[in-house]
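Chemist: What follows is a predicted protein model with its sequence.
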Amino acid sequence: MKSFMIQGAKILATGSATPVVSLNNNKISQIVQTSDEWIFSRTGIKERKILTGFNQSVVDLAILASNKALNKISMNPSHIDLIILATSSPHDLFGSASKVQFKIGAVNAVAFDLTAACSGFVLSLVTASQFLHSGSYKNILVIGADVLSKWVDWSDRSTCILFGDGAGAVILQSCSISNNSILNFQLDSDGKYSDQLSIKYREEIVSSSVLNLYKGSFKYLYMNGKEVYKFAVSQVPLSILKCLNSLNISIQDINWLLLHQANKRILNAVADKLCINRNKIITNLIKYGNTSAASIPLALDEALLKNKICNKDIIVVSGFGAGLTWGTIIIKWYI
């Protein structure tokens, strides 16, 4: 293993995957008291993809997205050195990355999960870039994947209308500093507000003749929408500005704004605060809803498939969510 060799990090390929089953707003209105107009006007969401097959999990979506990324550049999976799976809905509480590693045939890769909910992909991308910058690894697969439909209370209108399932993957490779894609990053956390967006643990005492044990399970997803909105529109612009200023990049130099796909109102509010034209927002929220850690790589992959992003475009990527955590990465895209 090489150490302390300053390298760049370049994104070679992307891939994405979503379930087949689509749940539109009209179908949601048969589950809870709502309507297509009410949901769309408040969120910008028309439908979301839901994983419904028996024994299907986040692993299945992660595998599909990873294979698509690998196939785009005809890379043998054995050339992957590290896999980071950003997910808050693993199929195994001990982690799902190793299962993905085995299933795609990445026999030489170390694999681990990173849990940071909707900020997970950004934190994973930063983590991967540090391994590449140091020269520790050459090829890294970063996956953002979540199936929060399994953790949503479908009688809770405030959350069940928002979330969908999906996965997105990127392959990063070490490169010369002159072709470095990850220009800089800014990461933050504030645990004071962690209760505002969470899937809490609950426990009960289980008595035996020998001892009393506390055993438990997890509740449904809870979100204080108003507080999360206030947090996002106040902190995300500050994070972006701090990151841009460190690079002496102006708002006018930004080609694309790629935010976690949480809510159309948040996307527009952040762009407006930064005086960024809304036409520069990359979004697919209308089709997929909030896919948590998958939302950024999923939207990035679709934007590339539509040839929106050009060589040397500056992309501002920001994730925000549970923790509360938030982070920004400035990417210079190289074809």
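Modeler: All right, it came through fine.

Chemist: Go through the helix or strand encompassing residue 127 and flag the buried ones.
Modeler: Element membership of residue 127, judged by DSSP states H and E, is helix 120-133. For helix 120-133, the neighbour count (16 or more other C-beta atoms under 10 Å) marks 120-129, 131-133 as buried. For the C-beta atoms, the positions are set from N, CA and C on the backbone; glycine is no exception.

Chemist: Then stretch 219-234?
Modeler: By neighbour count on 16+ other C-beta under 10 Å, the buried set for stretch 219-234 is 221, 223, 225, 228, 231-233.

Chemist: and what of stretch 88-102?
Modeler: Within stretch 88-102, the residues that count as buried by 16+ other C-beta under 10 Å are 88-91, 95-101.

Chemist: As JSON lines, the residues you listed with pLDDT would be great.
Modeler: Compiled in JSON lines, those are given as follows (pLDDT from 0 to 100):
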{"residue": "88", "pLDDT": "96"}
{"residue": "89", "pLDDT": "95"}
{"residue": "90", "pLDDT": "94"}
{"residue": "91", "pLDDT": "94"}
{"residue": "95", "pLDDT": "95"}
{"residue": "96", "pLDDT": "97"}
{"residue": "97", "pLDDT": "98"}
{"residue": "98", "pLDDT": "98"}
{"residue": "99", "pLDDT": "98"}
{"residue": "100", "pLDDT": "98"}
{"residue": "101", "pLDDT": "98"}
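
Chemist: What are the boundaries of the helices in this protein?
Modeler: 25-28, 36-43, 58-72, 97-104, 120-133, 157-160, 225-246, 264-273, 285-288, 295-305 (DSSP state H).

Chemist: how about low-confidence regions in the stretch 51-200 of the chain?
Modeler: Low-confidence segments of the stretch 51-200 of the chain (pLDDT under 70): none present.

Chemist: What are the boundaries of the strands in it?
Modeler: Assigned by DSSP state E, counting those that start in this stretch, the stretch 51-200 of the chain shows strands spanning 82-86, 110-114, 139-147, 165-175, 182-189, 197-198.

Chemist: if we can go back for a sec, residue 45: which of the buried residues of helix 120-133 is nearest?
Modeler: Of all these, residue 121 has the smallest distance to residue 45: 19.4 Å, by C-beta to C-beta.

Chemist: which ones are touching the closest one?
Modeler: Going by C-beta atoms under 8 Å, 6 or more residues apart in numbering, residue 121 touches 86, 142, 144, 168, 293-297, 319.

Chemist: Tell me the one of those residues nearest residue 67?
Modeler: Closest to residue 67, out of all of these and judged by C-beta to C-beta, is residue 168, at 12.7 Å.

Chemist: Just give the nearest non-adjacent residue to the closest one, would you?
Modeler: Sequence neighbours aside, residue 297 is the residue nearest to residue 168 in space, at 2.5 Å (criterion: C-beta to C-beta, 6 or more residues apart in numbering).

Chemist: Quick one: neighbours of residue 266, just the number.
Modeler: Look at residue 266: counted by other C-beta atoms under 10 Å, it has 22 neighbours.

Chemist: Double-check it against residue 257; I have them as touching.
Modeler: No - using C-beta atoms under 8 Å, residue 266 makes no contact with residue 257, being 11.8 Å away.

Chemist: ok, back up a step: can you give the distance of the helix holding residue 127 from its chain's centre?
Modeler: Distance of helix 120-133 from its chain centroid, counting by C-alpha atoms, centre = their mean, to the nearest Å, is 12 Å.

Chemist: what's the angle from that helix to strand 82-86?
Modeler: Helix 120-133 and strand 82-86 are oriented at 160 degrees to each other (axes from the mean of the first three to the mean of the last three C-alpha atoms, to 10 degrees).

Chemist: Just the angle for helix 120-133 relative to strand 139-147, thanks.
Modeler: Going by the same axes, to 10 degrees, helix 120-133 makes 170 degrees with strand 139-147.

Chemist: Now do helix 120-133 against strand 110-114, angle only.
Modeler: 140 degrees.

Chemist: For residue 262, which non-adjacent residue is closest in space?
Modeler: Closest to residue 262 by C-beta to C-beta, 6+ apart is residue 290, at 5.2 Å.

Chemist: If you could redo that for residue 268, that was the one I meant.
Modeler: That would be residue 278: by C-beta to C-beta, 6+ apart, it lies 6.1 Å from residue 268.

Chemist: I'd like to know how far that neighbour sits from residue 272.
Modeler: Look at residue 278 and residue 272: by C-beta to C-beta, to the nearest Å, they are 8 Å apart.
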